[in-house]
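*Asks:* here is a sequence with its predicted model. Questions after.
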Amino acid sequence: MGHIIFLASISTGIEPRSFKVAMKDEGWREAMHTEIQALEANETWNMVALPEGKQALGSRWIYKEEYNSDGSVEWLKARLVVFGNHQVGDIDYSETFASVAKMVTVRAFLAVAAVKNWEFIRWIKSLYGLKQAPRCWFSKLVSALKWYGFHQSYYDYSLFTLTNDAIQINVLIYVDDLIISGNDSAALVAFKHYLGTCFHMKNLGVLKYFLDIEVARSHKDIFLCQRKYALDIIFEGGLLGAKPASFPLEQNHHIAQSTSPFLVDVKRYRRLIRRLIYLSFTRPDLSFSVHIYLSLCIHLAKITGVSRSSPMRLHCDSQSALHLAHNPVFHERTKHIEVDCHFLRDALVDGTISMSHVSISDQLVDIFTKVLGKRQFEFLLSKLGISNLHAPT
């Protein structure tokens, strides 16, 4: 029940969007005071005269709530961020870079922790908006990690791994956020101490909220959910009072052509599209119709795994495609795919993959490409390992 209480609690949190609103709350005033003290302690700025003909960059406050595992607010985070978007390239800065982990790496990172029952924690380092700040931070962090013995992944440069006898520690970097996971508590404590001596960082404890993804862990499973993120999208669109649907789209429904004029300002539309696409991180079933909200989550179970001793199995609902894959003799009309078919044939012969027929009603990929009826949609949804934590038990 703990993870359900957590998800329900954070859905009620409202973060201020402006300095004026934040100043009305004593908690946010204290958070801003703490941030100013930290900036001064780290000698983040010096008071100097503005050069002639130059204009100072502005700044704004960003407010975020951090949560305990029971959903209560652990602390209020206020960050003063410089308007780096006002900097001029090749004048105010030259090279820029921000370490952004691939989302598939994030999911794999958490899946490994779930399968191996590793503990994981989150650390954060403040960045202040300048274009060159993330690049400088990442460069220093990489040097510190490599000195400690970590190796940088060639598949995702934001992933670092350390293996020392039976000890293994993984670190994933997303700009100024770090997720640390490992199989040895004492080794993790030592590594956290090392980071603390290298950088002014804050240990946020057990990972609960990361990149607008709620992470809830029971004694045997990990649940990833974006309920609060989805509610924010609906709130921003003014649709909190809308009636939810039990499945994305009605079959045979044809969207009418719009006769309204083009949008004058497309920024809000583009922001909505980006946010809906990101929602599919925990809701892959909504890839085909991401505009419908359902409060489900993706479930990472310990039993997740792939056997290296057996071939990868491909299921296909097309008998013709199966015959082509197994038959080295090609029809005249299939010459344009001959190279791909030879590649597939070789994989079949050496046992890398095996192919078998699957009924059209059991074809899982249809949930990503077609409008399905309620019964078929819910059946395939269960096959994806997606569950509704808020459904009555």
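*Replies:* Thanks, I have the structure now.

*Asks:* host element of Ile121?
*Replies:* Take DSSP states H and E as the rule and Ile121 turns out to sit in strand 119-124.

*Asks:* tell me the buried residues in that strand?
*Replies:* Phe120, Ile121, Arg122, Trp123, Ile124 (16 or more other CB atoms under 10 Å). Glycine gets a C-beta too; all of them are placed from N, C-alpha and C.

*Asks:* how many other residues sit next to Lys383?
*Replies:* Residues near Lys383, counting by other CB atoms under 10 Å, number 11.

*Asks:* and it, what's its pLDDT?
*Replies:* With respect to pLDDT, Lys383 has a value of 80.

*Asks:* what do you get for the one 4 residues further on?
*Replies:* In this prediction, Ser387 carries a pLDDT score of 72.

*Asks:* would you list the phi and psi of it?
*Replies:* phi -130, psi 160 (degrees, to the nearest 10).

*Asks:* how near is it to Ala216?
*Replies:* Distance of Ser387 to Ala216, given as CB to CB, to the nearest Å: 12 Å.

*Asks:* more neighbours: those two, which one.
*Replies:* Using other CB under 10 Å as the criterion, Ser387 and Ala216 rank with Ala216 on top: 21 against 16.

*Asks:* right, and the helix or strand after the host helix or strand of that one?
*Replies:* Using DSSP H and E, Ala216 sits within strand 213-217. Where DSSP H and E defines the elements, the next helix or strand beyond strand 213-217 is strand 221-225.

*Asks:* give the rounded mean pLDDT of that next one.
*Replies:* 82.

*Asks:* with just CA atoms, put that strand into PDB.
*Replies:* What follows is strand 221-225, C-alpha atoms only, in PDB (Å, rounded to 0.1, in the frame of the first residue of the first chain):
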ATOM      1  CA  ASP A 221       8.900  -5.000  -7.600                       C
ATOM      2  CA  ILE A 222       9.500  -1.500  -9.000                       C
ATOM      3  CA  PHE A 223       6.700   0.500 -10.500                       C
ATOM      4  CA  LEU A 224       7.300   3.500 -12.800                       C
ATOM      5  CA  CYS A 225       4.400   5.900 -13.200                       C
END
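
*Asks:* run the chain-centre distance for that strand.
*Replies:* Put simply, strand 221-225 sits 13 Å off its chain's centre (CA atoms, centre = their mean, to the nearest Å).

*Asks:* from now on call the first residue 275
*Replies:* Shifting the count to begin at 275 puts that one at strand 495-499.

*Asks:* show me what counts as buried in that strand.
*Replies:* For strand 495-499, the buried set under the neighbour-count rule, 16+ other CB under 10 Å, comprises Ile496, Phe497, Leu498, Cys499.

*Asks:* give me the helices and strands touching the strand holding Ala490, please.
*Replies:* helix 276-284, strand 495-499, helix 501-510 (3 or more CB pairs under 8 Å, 6 or more residues apart in numbering; DSSP states H and E).

*Asks:* now with 6 Å, please.
*Replies:* helix 276-284, strand 495-499 (3 or more CB pairs under 6 Å, 6 or more residues apart in numbering; DSSP states H and E).

*Asks:* mind listing the strands for the stretch 375-524 of the chain?
*Replies:* With strands called from DSSP state E, counting those that start in this stretch, the stretch 375-524 of the chain shows them at 393-398, 425-426, 433-438, 441-448, 451-456, 476-480, 483-484, 487-491, 495-499.

*Asks:* including distance to Gln329, could those go into CSV?
*Replies:* Conversion of those to CSV gives the following (distance: least, CB to CB, whole Å):
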stretch, distance to Gln329
strand 393-398, 31
strand 425-426, 39
strand 433-438, 39
strand 441-448, 32
strand 451-456, 31
strand 476-480, 33
strand 483-484, 36
strand 487-491, 38
strand 495-499, 44
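
*Asks:* pick out the shakiest of the ones you listed, pLDDT-wise.
*Replies:* Looking at those, the bottom one is strand 476-480 with a mean of 73.

*Asks:* and it, what's buried?
*Replies:* Leu478.

*Asks:* next, the angle from that strand to strand 451-456.
*Replies:* Interaxial angle, strand 476-480 versus strand 451-456 (axes from the mean of the first three to the mean of the last three CA atoms, to 10 degrees): 50 degrees.
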